[in-house]
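Visitor: structure for the following, please:
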Amino acid sequence: MTSTPTTTGEPAAQGPPGAFPARGRSGSGRLWRVLVYVSGKLLTAVVSLAAVVVAGFFLFRILPGDPVRAMTEGREVTAQQREELRRQFGLDQPLWQQFLDYCAGLARFDLGTSFQYREPVADLILERLGPTVLLAGTGTVVAALLGLFLGTRAGWRPGGRADRTHTAVALFLWSVPTFWLGLLLIVVLASGRGFVPGLFPTGGMVDPGVSGALDTVLNTAWHLVLPVATMVAVIYAQYLMIMRSSLMDEKGADYLTTARAKGLRDGLVRRRHAVPNALLPTVTLIFLNLGQVVSGVILVETVFSWPGLGQLFYSGLRVPDLGLVQGLFVVFAASVILMNLLADLVYPLLDPRVRP
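Guide: Residues are numbered from 1 along each chain as shown. Sure thing, here's the model as predicted:
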């Protein structure tokens, strides 16, 4: 006989000895599980960021080249002046002391000073952040929309003409080196020797002498075409392939069979039922690529002389400018870690099956 709860507030029987207790359904129990889940994700993000700081510091210290020698190249500088520069930038300190000073600066949100620009790294990053977000953000949004749209068409009828065509083109462009594709577009569409010579600018963000808000916006959009096209062509295949695979997995689900049995049209079944569920696996990819928006596309910005963080990072590697590349490395990694953390926190809200 099973016991029933009494009206006096006594708890019901907990089941036979040795049985596992049922999962708590009370509000306090659920809140506790959510707190444990969020705390675990936050701890993982903090540990990842700490590992990035350590790895970034020592990784750039083993780069070949002398920063002081590179900064003074072509100038008549005495050995005493070089030593004074080393002292100013803290390069005369032991490696462990440099690391402690670097960590202390990060705790104060001080990313250090650039050797070549002689400016705070944080100011340089803020100055270049806007152009990078404009370029990489536009490219990410366009690539996601294009990839998801074509992936839906390819995955709904696998093996068809649309599937074979879209998949082949996407994989081909994905395998093409970014810098080669960018240079090819410049030769074909921007240089005087292409099929459509001078159609687009070869580099930069705004032409000199452009004034006025509307003219600046239009000129910037004109300069954006080739960099965005290069970026989209290389990365949209990620979204296409994941969406295609997810939609193929969903096609045989029972709920789609039920929807068809109710008389819904094929297009309606795909749009209202299959696509929303197939989008779930792409959430993490979208968030990770949003995190990479801050870092931009280093090769694209370098090829098209786009004044963003990617080009700034490339210029810092050439010196090497240790303060600059370390600061950018931490900012790039922190943005990806933050977006991955947000994806981990948002995904349970979208998919009840993984809720804590």
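Visitor: pretty sure residue 76 belongs to a helix, no?
Guide: No: read with DSSP: H, G, I helix; E, B strand; the rest coil, residue 76 is coil and lies in no helix.
Visitor: so how far is residue 82 from it?
Guide: When distance is defined by CB to CB, to the nearest Å, residue 76 is 12 Å away from residue 82. Using the backbone N, CA and C atoms, a C-beta is placed for each residue, glycine as well.
Visitor: these two: which has the busier surroundings?
Guide: residue 82 (15 against 6; other CB atoms under 10 Å).
Visitor: how much space between the more buried one and residue 272?
Guide: Taking CB to CB as the measure, residue 82 falls 69 Å from residue 272.
Visitor: how about residue 344?
Guide: When residue 344 is compared with residue 272 (using CB to CB), they lie 28 Å apart.
Visitor: also residue 245?
Guide: 20 Å.
Visitor: between these two, which has more neighbouring residues?
Guide: residue 245 (16 against 11).
Visitor: what about that one, helix or strand, and which?
Guide: Using DSSP states H and E, residue 245 sits in helix 213-250.
Visitor: buried stuff in that helix?
Guide: Within helix 213-250, the residues that qualify as buried are 219-220, 223-224, 226-248, 250, counting by 16 or more other CB atoms under 10 Å.
Visitor: relative to the whole chain's centre, how far out is that helix?
Guide: 14 Å (CA atoms, centre = their mean, to the nearest Å).
Visitor: report all helices and strands that that helix contacts.
Guide: In terms of contacts (3 or more CB pairs under 8 Å, 6 or more residues apart in numbering; DSSP states H and E), helix 213-250 is packed against helix 121-156, helix 161-175, helix 178-185, helix 275-278, helix 282-295, helix 298-303.
Visitor: apply 6 Å and report the result again.
Guide: Where contact means 3 or more CB pairs under 6 Å, 6 or more residues apart in numbering; DSSP states H and E, helix 213-250 is packed against helix 121-156, helix 161-175, helix 178-185, helix 275-278, helix 298-303.
Visitor: what sits up against the shortest one?
Guide: For helix 275-278, contacts defined as CB atoms under 6 Å, 6 or more residues apart in numbering pick out 152, 246-247, 250.
Visitor: please apply the same query to the last one.
Guide: The contact list for helix 298-303, computed with CB under 6 Å, 6+ apart, reads 178-179, 182, 227, 230-231, 308, 310-311, 313-314.
Visitor: same question for stretch 163-174.
Guide: The contact list for stretch 163-174 (CB under 6 Å, 6+ apart) reads 150, 154, 233, 237, 240.
Visitor: against residue 115, how distant is residue 319?
Guide: From residue 319 to residue 115 the distance is 6 Å (CB to CB).
Visitor: and the helices in the stretch 251-356 of the chain?
Guide: According to DSSP state H, counting those that start in this stretch, the stretch 251-356 of the chain carries its helices in the segments 254-261, 266-269, 275-278, 282-295, 298-303, 309-318, 322-350.
Visitor: just those: most buried one?
Guide: Neighbour counts (mean count of other CB atoms under 10 Å) averaged over each of those peak at helix 298-303, with a mean of 22.
Visitor: can you get me a residue count around residue 83?
Guide: 13.
Visitor: cool, residue 320 as well?
Guide: Counted with other CB under 10 Å, residue 320 comes out at 20.
Visitor: isn't residue 181 up against residue 232?
Guide: No: look at residue 181 against residue 232 with CB atoms under 6 Å: they stay out of range, at 10.6 Å.
Visitor: so where's the chain uncertain?
Guide: Applying pLDDT under 70 to the chain flags residues 1-27, 63-75, 77, 89, 191-197, 266, 292-296, 350-356.
Visitor: and the gap between residue 220 and residue 316?
Guide: In terms of CB to CB, residue 220 sits 25 Å off from residue 316.
Visitor: what's the answer for residue 288, then?
Guide: Taking CB to CB, one finds residue 288 at 24 Å from residue 316.
Visitor: what about stretch 182-190, how long is it end to end?
Guide: One end of stretch 182-190 to the other measures 11 Å (CA to CA, to the nearest Å).
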